[in-house]
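what's the 3D shape of this:
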Amino acid sequence: MLIVENLRVNYGAINAIKGITLLVPQGSIVTLIGANGAGKTTTLRAISNIIKSSEGSKVLYDSKDITNYPAHKIVEMGLCQVPEGRLIFANLTVKENLEMGAYLRKDKQNFSKDYEFIYSIFPRLKERIKQPGGTLSGGEQQMLAISRALMAKPKMLLLDEPSLGIAPLLTKTIFEKIAEINKTLGMTILLVEQNANLALSVASYGYVLETGEIILEGPAKELESNPEVRKAYLGEA
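Next up, the predicted model:
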């Protein structure tokens with residue numbers, strides 16, 4: 001579904017991403033874990049072409065080279081990103097935020113079915129449908145950000161730090177719902193996350209990013225049991 005080859009991103013003289021390669025098979029959850037500042041968000045933004053990658057980089061999505069596609073065209077092709085920090089429209093209601101997610105769609109007659117699915121996954125949003133997004137808790141805003149992306153009818157989601165700033169109990173719920181979305185819709189997901197425990201618990205394969213380079217990769221269960229990963233990212237001595 002997604003192949004990233006030799007991805008490089010430079011900020012002036014700083015090499016933020018140093019030629020990484022990764023694969024996300026269709027229907028899978030793949031995670032990219034690493035400490036704060038490792039380059040995880042930069043990687044997602046480069047895939048979505050929100051920031052420009054350097055010469056020689058290649059991003060293939062659904063068998064098409066999208067390296068130089070405008071960001072909105074990438075969304076139209078079904079590759080949607082849920083950004084770090086959620087970035088919902090605080091002054092718009094929950095319903096209006098969802099409608100914004102569907103902005104590029106032309107099949108408005110199908111919206112009711114999509115709303116029903118979202119409310120079945122995130123019942124809290126239905127309860128708060130008329131509330132401004134800015135009045136929701138951090139966890140509820142994350143539910144809304146994911147749902148807004150789902151309203152675009154994507155084939156693949158890029159999730160950037162869904163646990164950031166959320167209470168532990170709601171974080172667990174969010175990750176359970178990510179797994180449910182993957183299973184129910186067959187949605188392909190690339191998950192960027194600092195919380196390695198949660199990320200590896202829902203993913204089938206993982207990559208470990210450190211200062212712009214992939215230093216380890218493998219099946220999620222193998223990474224969970226890897227002593228280096230356990231010490232550096234799972235909080236074990």
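
quick check, distance from stretch 104-121 to the centre of its chain.
Averaging C-alpha positions (Cα atoms, centre = their mean, to the nearest Å) puts stretch 104-121 20 Å from its chain's average.

can you list contacts of that stretch?
For stretch 104-121, contacts defined as Cβ atoms under 8 Å, 6 or more residues apart in numbering pick out 72, 75-76, 98, 102, 125-126, 147, 150-153, 177, 180-181, 184. Where C-beta positions appear, they are placed from N, C-alpha and C, glycine not excepted.

for the most centrally placed residue in the chain, give me phi and psi.
Residue closest to the mean C-alpha point of the chain, counted by Cα atoms, centre = their mean, is L159 at 1.0 Å. Here is the backbone geometry of L159 (degrees, to the nearest 10): phi -110, psi 120.

residue contacts, it?
L159 touches 81-82, 146, 178, 189-193, counting by Cβ under 8 Å, 6+ apart.

quick one: which of the contacts of stretch 104-121 sit in helices?
Those of the contacts of stretch 104-121 mapping onto helices are 72, 75-76, 98, 125-126, 147, 150, 177, 180-181, 184, per DSSP state H.

okay, and the helix or strand of the chain with the least pLDDT?
Across the helices and strands of the chain, the lowest-confidence element by mean pLDDT, DSSP states H and E is helix 227-233, at a mean of 81.

mind listing residues that contact that helix?
33-35, 196, 208, 216, 223-224, 236-237.

let's see if you can find the most crowded of the residues you listed.
Neighbour counts for the contacts of helix 227-233, by other Cβ atoms under 10 Å, peak at I33, which reaches 29 neighbours.

can I assume it is in contact with E210?
No: contact status for I33 versus E210: not in contact, 9.8 Å apart, counting by Cβ atoms under 8 Å.

tell me the contacts of L200?
Contacts of L200 by Cβ under 8 Å, 6+ apart are 31, 33, 206, 220-221, 223-224.

tell me the two of these that are most distant?
Greatest spatial distance among the contacts of L200 (Cβ to Cβ): I33 and K221, at 14.0 Å.
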